[in-house]
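Colleague: Next one to model:
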Amino acid sequence: MRKATMHYVLDAIEGLVLLALVISGFTLWFALPEGSEIGKTVIFERQTWVQLHRWLAVALLIFFSTHIITHWTWIAYMTKSYFRKRKGE
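Modeller: Below you'll find the model as predicted:
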């Protein structure tokens, strides 16, 4: 697999997990607030949404870490480049 394709797939999955995390967070916040009797279920019970939200957060952390690892060379290069320019000013 080409490096660019790998980065695209990784970023796409990361974006989808982030979107799902946002949806589950807003569902817990607005539709199923803790202690509320209004809207006891929205597709799933509140506890299922909590578990889904937690696992999505773990998945996002894994994908974000992988993203940083795969871009580490670029991050290091840009950081060195930035500080070289700053010294010369």
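
Colleague: Share the number of residues neighbouring Leu32, please.
Modeller: 20 (other CB atoms under 10 Å). Just so you know, the C-beta spots here come from the backbone N, C-alpha and C atoms, and that holds for glycine as well.

Colleague: Now do Arg54 against Thr48, distance only.
Modeller: 11 Å (CB to CB, to the nearest Å).

Colleague: now swap in Ser65 and tell me
Modeller: On the measure of CB to CB, Ser65 and Thr48 end up 26 Å apart.

Colleague: can you check His7 too?
Modeller: From His7 to Thr48 the distance is 33 Å (CB to CB).

Colleague: one step back: out of Ser65 and Thr48, which sits in the more crowded spot?
Modeller: Shown here are Ser65 and Thr48; by other CB under 10 Å, Thr48 has more neighbours (13 against 10).

Colleague: hmm, which helix or strand of the chain has the shakiest average pLDDT?
Modeller: strand 41-42 (a mean of 73; mean pLDDT, DSSP states H and E).
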